[in-house]
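A.B. asks: Just a sequence and a predicted model for now, questions to come.
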Amino acid sequence: MTQTGKLLPKLMAANFGIMAFSQVYFLLPMYLEWAGVRGPEMMGWILGAYYAASTFPRPFLAQLVERFPLRKVLMASAVLCAVGGMGLALSGSSVPLLVFWRTLSGFAFGLYLVALTTYQTMAIPDEVRGGAFALVAVGAMAPFAISLPLGDWFLHRGSFSFYIWMGPVLAVLSGFIACILRPVDTKGGGKEQKEQWGRWTDLLRLRPLQVLLASTVLYGLTDAAIISVT
């Protein structure tokens, strides 16, 4: 089996772990209502803090990924995800604490995702990258069919404690996978190499990136509209 073939199951597992960590909290409003948090405004702040913290700092998260070895960034962000999940589980109905731990979790999730995507791009050879990324994406989609139904099952059975501790467990899984990933070898030396990164201004001048950004925005708007309808 080639190095890429051995790496793919690990990348699928890493994607599964971190996406399951994020998606299991889709059901958080049911838990919050049980915990005593009332009102859509409060739930909106708690849920929105996560997505704001995972989205807006991403340009700065890229700088962290450029400065430190990718595996260390992945392990550190997985630890922060676990800490955020545990803090959430222990916060009860305290809205300030819930917002704080959700913010920390969102930041850590965004960092893990940026580092993992960078790792995949650097570790998988160009000639097999398309097919490999398609297989890795299976790991990212699997939580919809596995962890999300399991969380729903816990909630409907009244096992709220089991549900809320799913997040930290999945974060630990993501950290374990990060530990067993091989160092990125871009020059055949067997160790992570110092990559020469460009500037943001250089990147934004690229015509393919401009087209990609425009298509991503349109896709996001379409996806949001579908969610709103359903």
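C.D. replies: That came through, no problem.
A.B. asks: C-alpha from now on. contacts and neighbour counts both.
C.D. replies: Fine.
A.B. asks: next structured bit after the lowest-mean-pLDDT helix or strand in the chain?
C.D. replies: The least trusted helix or strand in the chain, going by mean pLDDT, DSSP states H and E, turns out to be helix 200-204, with a mean of 71. Using DSSP states H and E, the helix or strand that follows helix 200-204 in sequence is helix 207-229.
A.B. asks: what's the spacing between that next one and its chain's center?
C.D. replies: Put simply, helix 207-229 sits 19 Å off its chain's centre (CA atoms, centre = their mean, to the nearest Å).
A.B. asks: and that helix, what's its mean pLDDT?
C.D. replies: On average, the pLDDT along helix 207-229 is 76.
A.B. asks: do the same with stretch 25-40
C.D. replies: Rounded mean pLDDT across stretch 25-40 is 91.
A.B. asks: Need the contact partners of it.
C.D. replies: Identification of contacts with stretch 25-40 by CA atoms under 8 Å, 6 or more residues apart in numbering yields Met43, Gly92, Ser93, Ser94, Val95, Gly151, Asp152, Leu155, Phe160, Ile164, Gly167.
A.B. asks: Could you identify which of those has the most neighbours?
C.D. replies: Gly167 (30 neighbours; other CA atoms under 10 Å).
A.B. asks: Okay, buried residues for the host helix or strand of that one please.
C.D. replies: Using DSSP H and E, the element containing Gly167 is helix 166-180. For helix 166-180, a neighbour-count test (16 or more other CA atoms under 10 Å) marks 166-178 as buried.
A.B. asks: Tabulate the residues you listed (JSON lines), appending distance to Leu70 and pLDDT.
C.D. replies: Formatted as JSON lines, the buried residues of helix 166-180 follow (distance: CA to CA, whole Å; pLDDT from 0 to 100):
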{"residue": "Met166", "distance to Leu70": "25", "pLDDT": "97"}
{"residue": "Gly167", "distance to Leu70": "23", "pLDDT": "96"}
{"residue": "Pro168", "distance to Leu70": "21", "pLDDT": "97"}
{"residue": "Val169", "distance to Leu70": "22", "pLDDT": "96"}
{"residue": "Leu170", "distance to Leu70": "20", "pLDDT": "96"}
{"residue": "Ala171", "distance to Leu70": "17", "pLDDT": "96"}
{"residue": "Val172", "distance to Leu70": "17", "pLDDT": "96"}
{"residue": "Leu173", "distance to Leu70": "17", "pLDDT": "95"}
{"residue": "Ser174", "distance to Leu70": "14", "pLDDT": "95"}
{"residue": "Gly175", "distance to Leu70": "12", "pLDDT": "95"}
{"residue": "Phe176", "distance to Leu70": "14", "pLDDT": "95"}
{"residue": "Ile177", "distance to Leu70": "13", "pLDDT": "94"}
{"residue": "Ala178", "distance to Leu70": "9", "pLDDT": "92"}
